[in-house]
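Chemist: Here is my input; please provide its structure:
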Amino acid sequence: MITIEKLREFGADVDDGLSRCLNKADLYIYLVCKLTEDKTLYLLEQQLVRKEFDGAFETAHSLKGVYANLSLTPLTGPVTDITELLRNRTNTEYTELMDKLKTEFERLCEL
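Modeler: Model (predicted):
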């Protein structure tokens, strides 16, 4: 079960995340839990494999917003890197960044 303490150990900026949720811990935890059910990360991976960079940019940008608004720092870093590469239409190997992002997402889901 996800708790505030576990989110702190995960590396989330819980105080910032809580402030965005009117300091309501139950709302913050609810939103983080809903995020663990989201499959958008896997859509991004598929788009990158197919080199659908326009769609991948939109997906990555959306994820970046969600992760940043919840102050999930371990997720925000790699998805920001991916978003900026895609913003510049960089045709590069995204595997390493996606692996880091997926690892952090799985770590969050295991809380």
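Chemist: Neighbours of E110, how many?
Modeler: Neighbour count of E110, defined by other Cβ atoms under 10 Å: 10. In short, each C-beta sits where N, CA and C put it, glycine included.
Chemist: so where's the longest helix in this structure?
Modeler: If you go by DSSP state H, the chain has its longest helix at helix 53-69.
Chemist: which residues in this structure form strands?
Modeler: Here the chain has no strands by DSSP state E.
Chemist: For it, which segments count as helices?
Modeler: With DSSP H as the definition, the chain shows helices at residue ranges 4-10, 14-20, 25-36, 40-49, 53-69, 73-87, 95-109.
Chemist: Now tabulate those in JSON lines and tack on mean pLDDT and mean neighbour count.
Modeler: Supplementary listing: the helices of the chain in JSON lines, determined by pLDDT from 0 to 100; neighbours: other Cβ atoms under 10 Å:
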{"stretch": "helix 4-10", "mean pLDDT": "98", "mean neighbour count": "15"}
{"stretch": "helix 14-20", "mean pLDDT": "98", "mean neighbour count": "16"}
{"stretch": "helix 25-36", "mean pLDDT": "97", "mean neighbour count": "16"}
{"stretch": "helix 40-49", "mean pLDDT": "97", "mean neighbour count": "17"}
{"stretch": "helix 53-69", "mean pLDDT": "97", "mean neighbour count": "19"}
{"stretch": "helix 73-87", "mean pLDDT": "97", "mean neighbour count": "20"}
{"stretch": "helix 95-109", "mean pLDDT": "97", "mean neighbour count": "16"}
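Chemist: For R50, give me the backbone phi and psi.
Modeler: Torsion angles at R50 (phi, psi; degrees, to the nearest 10) stand at phi -80, psi 0.
Chemist: since we're on it, how many residues are nearby?
Modeler: R50 sits with 10 neighbouring residues when counted by other Cβ under 10 Å.
Chemist: how near is it to Y94?
Modeler: Counting by Cβ to Cβ, to the nearest Å, the gap from R50 to Y94 is 12 Å.
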